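K.L.:
Pasting a predicted model and its sequence here:
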Amino acid sequence: MSINLFLALVTTILLTLGQILWKIGLEEISFTTDFLKIFISLLKSIPILFGAFLYVVSTLLWFIVLKSAQFSKVYPILATSYILGMFAATIVFHEKVSMVNWVGGALIIIGIVLATWQN
């Protein structure tokens, strides 16, 4: 695996972790019609802030990847976030993920492998 593909995968993992943290943080916040209260609650939420930090770090890594890699080779790696999200839904949030979703995830993996295959 090239360093660019590795960094693209790390980027995707960080993005997914950020989304997980946002979901956790949002479950702790009650939404009202007062936008300012919601905004302050978001700024006080450790999961929301740490998720945003992970997004910044992943974006910086993505910049490194985009600078030195072929876009068509690394961009498909971002689709792994869908598979990581299904695992998070099952493990972290105890959601039931349907067999159709898992089959779709398998097809995504096949597509990623084909799209990133080095000739």
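P.N.:
Right, received. Where do you want to start?
K.L.:
Can you give me every residue that contacts the most centrally placed residue in the chain?
P.N.:
Centre of the chain computed as the mean C-alpha position; nearest residue by Cα atoms, centre = their mean is Thr16, 2.4 Å away. Going by Cβ atoms under 8 Å, 6 or more residues apart in numbering, Thr16 touches Ser81, Leu84, Gly85, Ala88. Every residue, glycine included, has its C-beta placed from N, CA and C.
K.L.:
again, 10 Å this time
P.N.:
Leu54, Ser58, Thr80, Ser81, Tyr82, Ile83, Leu84, Gly85, Phe87, Ala88 (Cβ atoms under 10 Å, 6 or more residues apart in numbering).
K.L.:
Buried members of those into ChimeraX, please.
P.N.:
Applied in ChimeraX, the following selects the buried portion of those according to 16 or more other Cβ atoms under 10 Å:
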select :54,58,80,81,83,84,85,88
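K.L.:
picking that back up, measure the residue nearest to the centre of the chain to Gln70 for me?
P.N.:
23 Å (Cβ to Cβ, to the nearest Å).
K.L.:
ok, now Phe6?
P.N.:
Distance from Phe6 to Gln70, by Cβ to Cβ: 15 Å.
K.L.:
Could I get the buried residue list for the biggest helix by length in the chain?
P.N.:
Assignment by DSSP state H gives helix 3-27 as the longest helix of the chain. Judged by neighbour count (16+ other Cβ under 10 Å), helix 3-27 contains these buried residues: 4-5, 7-12, 14-25.
K.L.:
Thanks again, I'm all set now.
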